[in-house]
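Student: Prediction below, plus the sequence it came from.
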Amino acid sequence: MLERLVSSLEKAPIVKRGEYNYFIHPITDGVPEVEPALLREVCTALVKVLDLDGVDRIIATEAMAIPIGTALSLATDIPMNIVRKREYRLPGEIAVHQATGYSKGQIYLNGVRKGDRVVIVDDVISTGGTARALLWALDQAGTTVVDVCFVIKRGNPDIGRDYKSLVTVEVTDRVRVVERIF
C-alpha cells in the first residue's frame, strides 16, 4: 500500500521559494493532475489509520485537503466541513490565524457544534502552524478532536498533540520518502 504515493513523491519536481525547497505534487498542489488511483490509495490508507468510531465530522482545510476530505467523506458517509480562506460571517464562525513556513493568513471554521467529535485530515504538515491554529479553533468551538492525519509529513513539527502521517519525506534537491505507515 502507498506505492503510488511514494513513487509519485520521489518523482516530484522541486522549486525554490526563497531558501525553501518546495516540492510540487498532485496531493499537495493539485498539479499536474490528481489521478483517481492515487486519491483512492490515499483515502483507503486514511480509512485504515484514522480512528473514525463515533466521528461526526471530517475537518479539511482549503485548498488541498478538500479532495482528500471529499474522498474520505464519500468512503465513510461522514460529513465534511471545509475550513475556508473566505469569511462568511455566519453565526458561530471562528477566525483562525495561521502562519506557516512560507505564508500567513486567516482561515474560517464554520458549521461545527459543541460536542462534535471530529477528525482532521490535511495534505501536508511542515511547520504545524495551520494545524495548531485549527486545533485552537476546534477547542474554542467545544469539539473533541478524535484523530489527526496528514498524508505527507515534512520535518518533525509539533502541534501540541499526537498525530499520524501516511509518509514522512526529506526534501533536498529531490524528495525522499524516509518513513511510511504501511
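Tutor: On my side now, so go ahead. All of these numbers come straight from a predicted model, not from anything done at the bench.
Student: where's residue 136, which helix or strand?
Tutor: Under the criterion of DSSP states H and E, residue 136 resides in helix 129-140.
Student: Following that helix in sequence, what is the next regular element?
Tutor: On the C-terminal side of helix 129-140, the nearest following helix or strand under DSSP H and E is strand 144-154.
Student: So which bits of whatever helix or strand comes next after that next one are buried?
Tutor: Going down the chain from strand 144-154, the next helix or strand is strand 164-171, by DSSP H and E. Of all the residues in strand 164-171, those buried under the rule 16 or more other C-beta atoms under 10 Å are 164-169, 171. For glycine as for every other residue, the C-beta is placed from the backbone atoms N, C-alpha and C.
Student: Mind listing residues that contact strand 164-171?
Tutor: Applying C-beta atoms under 8 Å, 6 or more residues apart in numbering, the external contacts of strand 164-171 come out as 2, 5-6, 9, 14, 21-23, 42, 45-46, 49-50, 125, 147-154, 175-182.
Student: Please apply the same query to stretch 40-54.
Tutor: Stretch 40-54 is contacted by residues 1-5, 27, 68, 71-72, 75-76, 78, 117, 119, 121, 146-147, 149, 151, 164, 166, 181-182 when judged by C-beta under 8 Å, 6+ apart.
Student: change it to 6 Å
Tutor: With contact meaning C-beta atoms under 6 Å, 6 or more residues apart in numbering, stretch 40-54 is reached by 4, 71-72, 75, 117, 119, 146-147, 149, 151, 164, 166, 181.
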